[in-house]
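Colleague: Generate coordinates for the sequence data below:
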Amino acid sequence: MGRKVKITITESKCRSGFHKAGEEYIIDDSICPPICMELWHYAYPYVWALLNGAEDDNPDGGRAAYTDVICPDEGRVHMHIEAIED
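Modeller: Sure, this is the predicted structure:
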């Protein structure tokens with residue numbers, strides 16, 4: 001038991017059609033989910049930080065264990081990354 005990370009694709013105009021809005025992935029200690037390598041390369045530092053207890057300032061005050069990431073390929077894919085507990 002412990003912390004996992006949930007990735008949700010919130011928008012997608014993926015030029016290869018690889019990602020669709022609404023896709024979800026649950027990450028624990030696995031190496032890499034079935035995500036485009038460019039997008040995973042960009043998202044992984046946030047996933048790793050959240051898996052290891054990171055939190056950030058919430059715009060509404062307090063602390064939050066989530067972030068939003070935009071694909072480095074002209075922002076074609078947007079994902080929401082959040083820590084979840086078992």
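Colleague: ok, the closest residue to Asn58 other than its chain neighbours - how many residues close by?
Modeller: Once flanking residues are discounted, Asn58 sits nearest to Ala64: 3.9 Å by C-beta to C-beta, 6 or more residues apart in numbering. For glycine as for every other residue, the C-beta is placed from the backbone atoms N, C-alpha and C. Ala64 is flanked by 14 other residues according to other C-beta atoms under 10 Å.
Colleague: for the one 5 residues further on, same thing?
Modeller: Neighbourhood size, Val69 [other C-beta under 10 Å]: 19.
Colleague: Only the buried residues of stretch 77-86, if you could.
Modeller: Judged by neighbour count (16 or more other C-beta atoms under 10 Å), stretch 77-86 contains these buried residues: 77-79, 81, 83.
Colleague: what's the one helix or strand in the chain whose mean pLDDT sits lowest packed up against?
Modeller: Across the helices and strands of the chain, mean confidence by mean pLDDT, DSSP states H and E is lowest for strand 56-57: a mean of 72. Packing partners of strand 56-57 (3 or more C-beta pairs under 8 Å, 6 or more residues apart in numbering; DSSP states H and E): strand 63-64.
Colleague: show me the contacts for Met79.
Modeller: Met79 makes contact with 7-10, 39, 43, 68-71, according to C-beta atoms under 8 Å, 6 or more residues apart in numbering.
Colleague: Understood, closing this out.
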